[in-house]
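Participant: please work out how this folds:
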Amino acid sequence: MGQSSTYVEQRRRIEPHWLMRLFGAKPVSLVLSQDQLLLETTEGHSVVVLPESLADQGTHSSGLFFSDLRFTTPGGKVRIKGVAKNAAAAHFIWLQRHWLTQLEPGMVNTAAEIQQLLNAGYPKASRLSKVVFLARQAVARFNKLPAKTEFSDINFTAFETLLFQASWTEPDFRLLRERYVQQQLTGYQHYFEHVESKPLTQKQREACVIDEDNNLVLAGAGTGKTSTMVGRAGYLLQSGQGTADEILMLAFANEAATEMQERIEKRLGDCGITASTFHKLGKDIIAAVEGRQPSLTPLAEDDKLLAKQVNGWFEQHLKQPEYQQLVLDYFQRYLYPVKNAFDFKTEGEYFDYILANDIRSLKSEKVKSLGECLIANYLLRQGIEYRYEADYEHRTATVLHRQYQPDFYLPEQGIYIEFYGIDRSGNTAPYINRQQYHDDMAWKQQLHQQHGTKLITLFHYQHTEGTLYQQLDRQLAAFGVKPDPLPAEAVLETLREFGAISAFAVLLADLVKRYKANCYEAGQLDQAIAVAANPEQVQAALALLLPVVDNYQQLLAQHQHIDFDDMIGKAIAYVKAGRFKSRWRYILVDEFQDISDARARLIRYLRNSVADASLFCVGDDWQAIYRFTGSDLQFTTDFAQHFGATCTTALDLTFRFNNSISEVASRFVLQNLQQVRKQLHTHGSVNKSAVSLFRADNRPNAAAPDRLSTVLEKLNSMATAGSTVYLLARFGFHLPEKTELNRLRRQYKNLVLESHSIHASKGKEADYVVVLGLESGKHGFPSQKQTHPLLEALLPPQEDFDYAEERRLFYVALTRARNRVYLVTDMAVASEFVVELIKDNYPLELNEFETSLSQQLFHLIKCMKCKTGSMVARSGKTGTFFGCTKYPLCNHMERGCGKCSSPMQRKGRFKVCLSDTCGNWVPVCLECGAEMAQRTGPYGAFWGCRNYRKEGDSCGHKEQVISFTPGMPTH
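Facilitator: Okay, here's the model as predicted:
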C-alpha cells in the first residue's frame, strides 16, 4: 500500500439490489486504509480482505438478474450476493485498479531485475531458476490480467512479461541458450578463428562461450584441450564477462601449469592471467590467511628420506609389546588380500592370484593357498618346527604318480598335516574334479593308515568360517603336542631376516602419504573402512599406520612445516570456514579426470564462496589413469551429481591419430559401459589398418631374433627421416636401458627414439608407437599386481569392470601415435588385451611380420589342466616337450609331434599335429590319458599305453585297432 503519512482513507459502499433489501440484505463497505483492505458491515464488524485474488475474474460473477462479489479472507471465502450488475462491475473494476496500481511498481522492479539477470551473460541454470522463481512469485499475486482497455492508465508490459516468464520450462531455457550461443559465436567469430594457430572447431567455440554454473568439456586425445582452455580464458576477457583477477586456471603438475602459462602469454599476450597448480593455489591460500608463506618439510620432496624416517618410527613402535603383538597378528593373519579359492572360475585364474600376491609364509616360503600360509604362520609362532611339502617318509612314486608330498611335516613329532580344499558339503572349487579329489583324499588317508603315520586333516571351510586355528590346536593336542610360542622378538627377527619388516616400513611410508592426501573430513575414514572388502583386515592395518601418522604430524608441528597434502587440506579448511575470501568467478581446471576428492572439495568450496561463480573443467574419462594417486573418475562420469547443474560439451575432432587407430582404441575403451559414450572424428584417414601386431617368442631360450629390433628395422626402412618413435610399456623395466636405447638410436638413424612408461607418455605424441611388455602376469599388461588392502581402502572405490583403469591405460598407449602403432607380444603368455583384440576381430594388421605356427595357433594349445596357461616348448633330460606357462604352480606337460616337433592339439581321444604339412596324429589312452604307441607282440601289432612298465604300478591298457579320419579340422 502507499507509504505517505498524508494517506487518505477510502471507503466504498456496496449496496444490495433493492429487491434483495426487501429480503433483509444489508450493505457492506470496502475500507481501503494505508496498509490493508477491510470488508466492514453496518454493525461495525470488519474482516481483512487478502489482496492476492483482487485481480482474479473469479472475484466477480454475474447471474441472470444479480451479480455476486467474492472475497478471500484469512477465515475463508466471503460472498456478497444480490448486487446490481452495473454496480458490481464498477466495484470490481475499482478493486482491480486499486490492486494493479499497488502492484505496478513492484512488478516493474521485478521485471527489471529479471532483465538484468538475462542480460548478465549465458542463461545458466541458477540464473534461469531465479528468473522463474521471481516471475512466479510476482504473478502469484494475481491469477489473470484484465483487459487492457479497462485500465489505460496502467502500464501492462511488466505484468505480461512476468506472466510469460513464469511459464518458462526446459524447452524455453534451451531456446534462450541456443540464441545466446549463436549470438556469441557470430560476434566473436574473428577471435575464435585467430586466438590459436588454427581456427577453433565448432565444439571448441561452443565450449568457450557456454557458461553454465558447471561446465564439463570432454576432450578426447588430440582434440585440443589446451586450445579450448586458452580460448575460454581469452573469450571471458574479450567479452568483458571477467577480468584477469577473476579467472583462476588450474593444472595438476608444474610442467602442465608452465605449458599453460606459456600458451596464454603466446596467444593472449600479457593479459594478467596466471596458471597455477593445485599445490601452489593451496599454498597461496594458506599464506593469505596466515600472513606468511608456509615452510615445506624436506620429507615432502625426498621419498627416501621419508621412508627412512618412517622406518625409524616403525622400529621404535616395535619395541612396545602392545604394538609388537599388533604387528605379529597382522603378519600372521592379514598380510594378503583375502579371496576365496572357490570364487575363481579356473585353476589358472587361482594361480594368477597366488602369483600376483606372491603369497609367502613368515619364513618366506612360497605356498599354494592362503590357508596353507595361515597354517605355516601359526606353527612358526607356536614354536612348532615344520617342513613345507617335504617328501613322505615312505616311497610312493610310480610311472603314473610322483612322490607324495604332504602339505606339512612336523619332524619332532612325526606328524603330517593335509589342508584339503573342500567346503562343508564336500564340494571342491569349480575347476577341480570333485571325484578325483576325493579319491586322492581317500588314497592319502589309506596310505597313512597303512604305514601307521600320524595325520592331521584341515579343511578350506574351517578357514572361511574362522575356526582353522581352533581345529589345528585340538588335533595337535590329541597327539600330545604342546605349543611353546616363540618370543615376539624371535618372530620379528625371522621377519627381518627375510626382509618383511623393511618392506612393510616402505609400505607404511606410502600409506602415510595416501592417508594425508585424502584430507579426511568427519566420518569419511569410517565410511571408507565400512565399504572395504575386508573391514577387519583394514582395521588391523590401520592400527599399525595411525601411530606412525601421529609421529609424522608431530614432526611437522614441531618444525612448523607443512607437506604437499597440507597445502590442499589447510586450504580446504580455510575456504570452508570463510577465512579466505576468494575473488575468482571463473575457475578453469585442466586434466579434470585426474581430480581427487580433496581437490574436488577445494574447487567446490571456492565456487560456492563467490556469487555467480562457475566451474569449467576439461578432461577425458577415457584417459583417467591415476587412481593409484587418489584420482576419482566418478567426479567426471557423475559430474552433475557432484557439482550441480551442468552443461557437457564433447570435443569430437582429433587432430592426432587416424581413423584406423581411432576405431581400435575407441571400440576397445568403450567395452566398459561406464565410460562416457562419445564419437571421435579424425582429421586424417587411411584405408588399411594402422595397428599392427607382431607375435614372437620372448622366452630367454628362444631362438627368434630380438623382437624390438625387428620392428625398428621395419620402421627404419619405411619412415621418413626424423620420424619420432615412442617405445612404451606398462612398466619401465620392459623398456631398453639407457645404453641400449643409445645403441638403437645409432643403429636406426632415420628414427628419433624415445622410451616412456605409458603413464609418463600421457599428453605426448609421436609419429609411431611401439608397445612392449604386452604379456600377462603380475608385471604384465593389464597388470595383475595387487594393491595392499589398506591402500585399496584409502583409494577411491574400484569400478565394477575388470581392469577398467588398465584398459584406459591401453587406450592412452594407442592414442600417442599419429601414424601407426606396433603391438609386440608373445602369444604363449599374451596380454588379455591382445587376446581380446584378436578374438573379437578388431581391425588389426596380422601379416606385416612372419609369425610361427605356435604363435598363430596359441588358442589351440592351451593347458588342459589349469585352462589359462599355454603349452610352450621346453627342453628337459628326455629332450623337447611342451610345458604350461603357469609352472611351477601348474606342472602339466605334453609331448610334441613325434615327426616334426610341432605342438599337438587335443581333439577328442586324439592328439593332432597343428602343422598343415605334417598331418601326424596319436591316440590317447582311455584309461590314464597318456599317449599310445604302436607295438608288436606275439599276436601282431597293437596300440599300447606309453605308461606301461613290465614291473610296478603302470597302465596296461591296449587296443588292437584305432583309426583316425584324415581331414578332421584341427584349427
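Participant: helix, strand or coil for T917?
Facilitator: With DSSP: H, G, I helix; E, B strand; the rest coil as the basis, T917 sits in coil.
Participant: quick one: it from S902, how far?
Facilitator: 9 Å (Cβ to Cβ, to the nearest Å). Any C-beta I mention is one placed from the backbone N, CA and C, and that applies to glycine too.
Participant: which of these two has more residues huddled nearby?
Facilitator: The residue with more neighbours, out of T917 and S902, is S902; 22 against 8, by other Cβ atoms under 10 Å.
Participant: verify the stated contact: that one with C918.
Facilitator: Yes - counting by Cβ atoms under 8 Å, C918 is a contact partner of S902 at 6.3 Å.
Participant: make sure K911 is indeed in a strand.
Facilitator: Yes - with three-state DSSP as the criterion, K911 is located in a strand.
Participant: gap between the nearest residue to it once chain neighbours are set aside and K867?
Facilitator: Nearest non-adjacent residue to K911, counting by Cβ to Cβ, 6 or more residues apart in numbering: M904, 4.1 Å away. Per Cβ to Cβ, M904 is found 17 Å from K867.
Participant: for S364, same thing?
Facilitator: As defined by Cβ to Cβ, S364 lies at a distance of 29 Å from K867.
Participant: before we move on, what about G499?
Facilitator: G499 is 34 Å from K867, by Cβ to Cβ.
Participant: which one of those two is surrounded by more residues?
Facilitator: K867 (15 against 10).
Participant: show the pLDDT at that one.
Facilitator: Looking at K867, its pLDDT is 80.
Participant: that one contacts I432, doesn't it?
Facilitator: No - counting by Cβ under 8 Å, K867 does not reach I432; the two are 11.5 Å apart.
Participant: any common contacting residues for those two?
Facilitator: E347 (Cβ atoms under 8 Å, 6 or more residues apart in numbering).
Participant: and the spatially closest residue to K764 that is not a sequence neighbour, how far is that from A251?
Facilitator: Spatial nearest neighbour of K764, chain neighbours left out: R816 (6.2 Å); criterion: Cβ to Cβ, 6+ apart. Plainly put, R816 is 20 Å away from A251 if you go by Cβ to Cβ.
Participant: if we can go back for a sec, and the residue nearest to K764, how far is that from Y726?
Facilitator: R816 is 6 Å from Y726, by Cβ to Cβ.
Participant: give me the common contacts of those two.
Facilitator: S761, K764, A766, V769.
Participant: go through these and give me the one with the most neighbours.
Facilitator: Within the shared contacts of R816 and Y726, most neighbours by other Cβ under 10 Å means V769, with 28 neighbours.
Participant: what's around I417, how many residues?
Facilitator: Neighbours of I417 (other Cβ under 10 Å): 23.
Participant: name the SS class of it, please.
Facilitator: Here I417 is recorded as strand under three-state DSSP.
Participant: these two touch, right, it and P406?
Facilitator: Yes - counting by Cβ under 8 Å, I417 does reach P406; the two are 6.8 Å apart.
Participant: so for those two, which residues contact both of them?
Facilitator: Joint contacts of I417 and P406 (Cβ under 8 Å, 6+ apart) are L455.
Participant: remind me, longest helix of this structure?
Facilitator: Counting by DSSP state H, the longest helix found in the chain is helix 85-118.
Participant: helices or strands up against it?
Facilitator: On a contact count with 3 or more Cβ pairs under 8 Å, 6 or more residues apart in numbering; DSSP states H and E, helix 85-118 meets strand 10-14, strand 28-32, strand 60-62, strand 67-73, helix 125-139, helix 157-166.
Participant: and those, which one is worst for confidence?
Facilitator: Among the helices and strands packed on helix 85-118, strand 60-62 carries the lowest mean pLDDT (a mean of 66).
Participant: so who does the closest residue to T936 other than its chain neighbours touch?
Facilitator: Among residues not flanking T936 along the chain, F942 sits closest, at 7.7 Å (Cβ to Cβ, 6+ apart). F942 makes contact with Q934, R935, T936, K958, E959, Q960 under the criterion Cβ under 8 Å, 6+ apart.
Participant: show me the domain layout of this structure.
Facilitator: Domain segmentation of the chain under automatic domain parsing yields 10-168, 188-296+565-651, 327-497, 658-858, 905-971.
Participant: can you list the buried residues in stretch 741-750?
Facilitator: Within stretch 741-750, the residues scored as buried using 16 or more other Cβ atoms under 10 Å are L744, Y748.
Participant: now stretch 504-523
Facilitator: 504-520.
Participant: narrow the shared contacts of R816 and Y726 to those in strands?
Facilitator: Counted as lying in strands by DSSP state E, out of these, are A766, V769.
Participant: farthest pair within the shared contacts of R816 and Y726?
Facilitator: K764 and V769 (10.1 Å; Cβ to Cβ).
Participant: spit out the residues that contact the two alike.
Facilitator: Common contacts of K764 and V769 (Cβ under 8 Å, 6+ apart): Y726, R816.
Participant: could you dump the helices and strands packed on helix 85-118 into TSV and include distance to V922 and mean neighbour count?
Facilitator: Output for the helices and strands packed on helix 85-118, formatted as TSV (distance: least, Cβ to Cβ, whole Å; neighbours: other Cβ atoms under 10 Å):
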stretch	distance to V922	mean neighbour count
strand 10-14	115	13
strand 28-32	113	19
strand 60-62	104	15
strand 67-73	100	18
helix 125-139	73	18
helix 157-166	86	18
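Participant: nearest to L544, out of the domains of the chain?
Facilitator: domain 327-497 (6.1 Å).
Participant: what about that closest one, start to end distance?
Facilitator: Using Cα to Cα, to the nearest Å, one end of domain 327-497 lies 16 Å from the other.
Participant: what pLDDT, on average, does that domain get?
Facilitator: 90.
Participant: the host helix or strand of S755: which residues count as buried?
Facilitator: According to DSSP states H and E, S755 maps onto strand 751-757. The neighbour-count criterion (16+ other Cβ under 10 Å) identifies L751, V752, L753, S755, H756, S757 as the buried residues of strand 751-757.
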